[in-house]
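In: coords please:
(2 chains)
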Amino acid sequence: KAGVTQTPRYLIKTRGQQVTLSCSPISGHRSVSWYQQTPGQGLQFLFEYFSETQRNKGNFPGRFSGRQFSNSRSEMNVSTLELGDSALYLCASNEFRGQSTDTQYFGPGTRLTVL
Amino acid sequence: GENVEQHPSTLSVQEGDSAVIKCTYSDSASNYFPWYKQELGKGPQLIIDIRSNVGEKKDQRIAVTLNKTAKHFSLHITETQPEDSAVYFCAASKDDYKLSFGAGTTVTVRA
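Out: A predicted model of the protein is given here:
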């Protein structure tokens, strides 16, 4: 079974620009979560999607948005980039095994650098 | 929201010795506690998880214990090997598909 795919793996942008990151979950998984990882703040939850609906959102400004398509692929968008948005953005594919909380499998991440 | 604290931040052990990482959580409603291992340039990899209806779980050299009353859980790695060197994260979650992570522990296994 193929793992979680994230594209691109590396990205360099300048302040004020916008960026779109893509995530393809594990086949059969219908839920996707996004996290931001920085040395200062660690791993922080951005949002979670299930069947094209955002079910939960973390404490990030409205510049951070996402969506999910009918094939479960997800994208996240960051508008008006700031230097502090430089981070590793991780996508997690969520498995439902009959328990109340899904097991989450992470992709390799997209390294975003804002200059 | 949930607050997860993880200790120690760095851990150096001799090959063959055991390593223990401890985490505490604040929200008594949390019911799922996974542990992830992250190697340089890679995403976090799930190594073991435990749910609140279980006190202990073991998978080969890795074990996790959970004390719901004290709101803490621990990762135990026995017979450490050089390939165990990585950053380890604990996390906690309730029924909301959101993981709250600890700050991470950098484990170095000395040959």
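In: so where is chain B shaky, pLDDT-wise?
Out: B:95-96 (pLDDT under 70).
In: list the helices and strands the one helix or strand residue B:36 maps to packs on?
Out: Per DSSP states H and E, residue B:36 falls inside strand B:32-38. Under the contact definition 3 or more CB pairs under 8 Å, 6 or more residues apart in numbering or on different chains; DSSP states H and E, strand B:32-38 sits against strand A:103-106, strand B:45-51, strand B:62-67, strand B:86-92. (C-beta placed from N, C-alpha, C; glycine too.)
In: let me have these in CSV, extended by mean neighbour count.
Out: Below are these laid out as CSV (neighbours: other CB atoms under 10 Å in any protein chain shown):
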stretch, mean neighbour count
strand A:103-106, 22
strand B:45-51, 17
strand B:62-67, 18
strand B:86-92, 24
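In: and those: which comes nearest residue A:83?
Out: Closest to residue A:83 of those is strand B:86-92 (CB to CB; 24.1 Å).
In: got the phi/psi numbers for the most centrally placed residue in chain A?
Out: The centroid of chain A falls nearest to residue A:34 when counting by CA atoms, centre = their mean (3.0 Å). Residue A:34 adopts backbone torsions of phi -120, psi 140, taken as degrees, to the nearest 10.
In: same check, this time on residue A:4
Out: phi -80, psi 130.
In: any idea how far chain B is from it?
Out: As judged by CB to the nearest CB, to the nearest Å, residue A:4 and chain B stand 8 Å apart.
In: wait, what's in contact with the residue nearest to that residue when sequence neighbours are not counted?
Out: Using CB to CB, 6 or more residues apart in numbering or on different chains and skipping the chain neighbours, the partner closest in space to residue A:4 is residue A:107 (3.4 Å). Taking CB atoms under 8 Å, 6 or more residues apart in numbering or on different chains, we find residue A:107 in contact with A:3-6, A:23, A:90-93, B:43.
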